[in-house]
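Undergrad: Let's see this in three dimensions:
(chains A and B)
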Amino acid sequence: MVMVYYSERMRIKISQGKRCSRTKSRRIQMQSLQLSSPSGTVDSADFSQQHCGTVPTRETHLNLDIQSLCGALIYTRSSAQTATSFSSPSGPRGQASQSPHRDILEFHGPEGTGKTEMLYHLTARCILPKSEGGLEVEVLFIDTDYHFDMLRLVTVLEHRLSQSCEEVVKRCLGRFFLVYCSSSIQLLLTLYSLEAMFCGHPSLRLLIVDSLSAFYWIDRVNGGESVNLQESTLKKCSQFLEKLVKEYRLVLFATTQSIMRKTSHLREGPSSAFTHPSDAGVDYRPYLCKAWQQVVKHRIFFSKDDSKTSNQFSLVSRHLKSNNLKKHFFIIGESGVEFCSYVS
Amino acid sequence: MGLLRAGLCPGLTQDVVQLLRGRGIRTVVDLVSADLEEVAQKCGLSYKALVALRRVLLAQFSAFPFNGADLYEELKTSTAILSTGIESLDKLLDAGLYTGEVTEIVGGPGSGKTQVCLCVAANVAHGLQQNVLYIDSSGGLTGSRLLQLLQARTPDEEEQAGALQRIQVVHAFDIFQMLDALQDLRSTVAQQVTNHMTRERDSGKLKPALGRSWSFVPSTRILLDTGEGAGASGSQRTACLIKSPRLPTGFQETVDIGTWGTLKQSPALQGHPT
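TA: Model prediction:
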């Protein structure tokens, strides 16, 4: 018996023409709709209206565009603004009016609900070349719980490229940067030292932190009795992240895990800004510091349909200022996240 | 990490530390986030020196970003997949245990978790000729059972002894002993852990123990269950994949504990070079 190395295994899999037959049949059941236009710019006006009855434009597995994702979430922006910010990465900095995409989005949900998969989907969308439907921008991924699976990202890329040769994959990966952090202080200091990187890479537009709540318990222990002390480092991180996003016109996606159990008495409180009538199914209890709650502009709740028959995931996105809610369904196949055709 | 003290980095002398402390700058974070011009004025230190100090501290304590292409190159050659020796389990795990990941086996009492661990250890030590660190906190490891599993694979006593030598056992009955054992681990490993089941407070459903904070850690989780209607052989178990980063979940395979440890294709493998 020989120990198999991953590279060998992928070669065997590809030579045998093996694809996961289970996902194929599921994909046929769910008709996933192509939701992005080839040019990459999308009218961010009412999302549901836009793709009702749209015919799939491409054979590939490309689905939701970051712009349309952000567009779906940002209801007050005009389409013109959406087009400028992402299609001109080398645009002038410091202009006050432009780029509504200084956005901070939080992915929240219990484990196994597809948050990290969604991040791979967005990353792939960003680093793929324009010819393959990508945005050709750079991504910085900060991994705090050592969960990042590079091999999974490569699988997603290979499925989305029309000709997946090593060269092209490597070039895509050249636009991707990964940082591991093992404590909240290291996270803060890393953010400070990465400021130089943002200066030097004008095409670095997407910042991902997976996950922001990884050090919650450790910080609580280290802070002792005082809540201020417990939250101080994360508070500084949140404030510095906001500063980076504003100054360098980034989009920040941060995941937080639902580690708190939903308690029934939370619903009865009068000041519950977090319990919305349609939130009834959402298990959300805020536990991170106030500074972070204030900085987040959109919160997206992930959940999985628990029944044995369906393997569907869903996300509910909420714009915190306008309190608008939108729900989307998706499945996860070999090529990553695929959105389903119906939107409620 | 945290407090500024003399010798922490070049350029940080006792005098500098005292001066900074006098102005309320005690930790690395304080210095890095402070307005250095203001600090230079108040403390009477040179602005250039402070900027250099800040740069050195950041270089020392912050994490360094890796480029995706380089990381991929490295991973391609160093990630290995370790077969568990149980065919049905390998199917659920997409060929086996991946190095760099944590795989969790969950099940009620008597569901066969320890048997899985022993079988995997025997397979990796004998079949793959790799070292195994077995941390036992439940007392379920017996040398004789390991020997039995190895004897079923090969009649050669030297091979059995060699395999047993590659398995290092650590008994850890509290979390600190376990952390100590893990501290010394240096190389790339594939980790497999077992976990018990508890009941949820409200609904009474069975769920893995250790709560939500732990549940995020493993990337793969397999549930072992005593099959209902197992019929004749009480050694039947069903393994169900409930969390995986690369395969769809919900698929089940039946495994027979009784026949674990016997390689089905033994005649063919006897002459196979490893």
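
Undergrad: Touching the helix or strand hosting residue B:181 from outside, list them.
TA: If you go by DSSP states H and E, residue B:181 is part of helix B:175-183. The contact list for helix B:175-183 (C-beta atoms under 8 Å, 6 or more residues apart in numbering or on different chains) reads B:133, B:135, B:137, B:170-172. Glycine gets a C-beta too; all of them are placed from N, C-alpha and C.

Undergrad: What pLDDT is listed against residue B:141?
TA: Note on residue B:141: pLDDT of 84.

Undergrad: let me fix that: residue B:96
TA: 85.

Undergrad: Verify the contact between it and residue B:90 for me.
TA: Yes: taking contacts as C-beta atoms under 8 Å, residue B:96 lies within contact range of residue B:90: 5.4 Å.

Undergrad: mind listing what's buried in the helix holding residue B:181?
TA: Buried residues in helix B:175-183, defined by neighbour count with 16 or more other C-beta atoms under 10 Å in any protein chain shown: residue B:181.

Undergrad: Past that helix, which element shows up next along the chain?
TA: strand B:191-195.

Undergrad: residues contacting residue B:164?
TA: Neighbouring residues of residue B:164 by C-beta under 8 Å, 6+ apart: B:125, B:143, B:146-147, B:150.

Undergrad: what about 7 Å?
TA: B:146-147, B:150 (C-beta atoms under 7 Å, 6 or more residues apart in numbering or on different chains).

Undergrad: Restricting to C-alpha, output the lengthiest helix in chain A in PDB.
TA: Assignment by DSSP state H gives helix A:227-248 as the longest helix of chain A. Only the C-alpha atoms of helix A:227-248 are listed here, as PDB (Å, rounded to 0.1, in the frame of the first residue of the first chain):
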ATOM      1  CA  VAL A 227     -15.900  43.700  29.800                       C
ATOM      2  CA  ASN A 228     -14.000  46.700  28.500                       C
ATOM      3  CA  LEU A 229     -10.800  44.900  28.800                       C
ATOM      4  CA  GLN A 230     -12.200  41.800  27.200                       C
ATOM      5  CA  GLU A 231     -13.400  43.700  24.200                       C
ATOM      6  CA  SER A 232     -10.600  46.200  23.800                       C
ATOM      7  CA  THR A 233      -8.600  44.400  21.200                       C
ATOM      8  CA  LEU A 234     -11.500  43.500  19.000                       C
ATOM      9  CA  LYS A 235     -12.800  47.000  19.400                       C
ATOM     10  CA  LYS A 236      -9.500  48.300  18.100                       C
ATOM     11  CA  CYS A 237      -9.600  45.800  15.300                       C
ATOM     12  CA  SER A 238     -13.100  46.900  14.200                       C
ATOM     13  CA  GLN A 239     -12.100  50.500  14.200                       C
ATOM     14  CA  PHE A 240      -9.000  49.900  12.300                       C
ATOM     15  CA  LEU A 241     -10.800  47.700   9.800                       C
ATOM     16  CA  GLU A 242     -13.300  50.500   9.200                       C
ATOM     17  CA  LYS A 243     -10.400  53.000   8.700                       C
ATOM     18  CA  LEU A 244      -8.800  50.600   6.100                       C
ATOM     19  CA  VAL A 245     -12.000  50.100   4.300                       C
ATOM     20  CA  LYS A 246     -12.700  53.800   4.000                       C
ATOM     21  CA  GLU A 247      -9.200  54.900   3.100                       C
ATOM     22  CA  TYR A 248      -8.400  52.200   0.500                       C
END
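
Undergrad: Can you show me the strands along the stretch 1-150 of chain B?
TA: Remark: strands assigned in the stretch 1-150 of chain B by DSSP state E, counting those that start in this stretch are B:66-67, B:80-82, B:97-98, B:102-107, B:132-136.

Undergrad: hmm, back to that, mind giving me the PyMOL select for the contacts of helix B:175-183, buried ones only?
TA: To isolate the buried subset of the contacts of helix B:175-183 in PyMOL, counting by 16+ other C-beta under 10 Å, use the following:
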select buried, chain B and resi 135
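
Undergrad: Can you check the pLDDT for whichever residue of the stretch 201-344 of chain A sits closest to chain B?
TA: Residue of the stretch 201-344 of chain A nearest chain B, by C-beta to the nearest C-beta: residue A:259 (4.7 Å). On pLDDT, residue A:259 comes in at 74.

Undergrad: quick one, helices of chain A?
TA: Under DSSP H, chain A gives helices at A:6-15, A:21-29, A:47-51, A:66-73, A:79-87, A:115-127, A:150-160, A:166-173, A:184-200, A:216-223, A:227-248, A:290-295.

Undergrad: what about residue A:185, neighbour count?
TA: Applying other C-beta atoms under 10 Å in any protein chain shown, we find 22 residues neighbouring residue A:185.

Undergrad: For chain B, see how far away it is.
TA: Distance check for residue A:185 against chain B: by C-beta to the nearest C-beta, to the nearest Å, it reads 6 Å.
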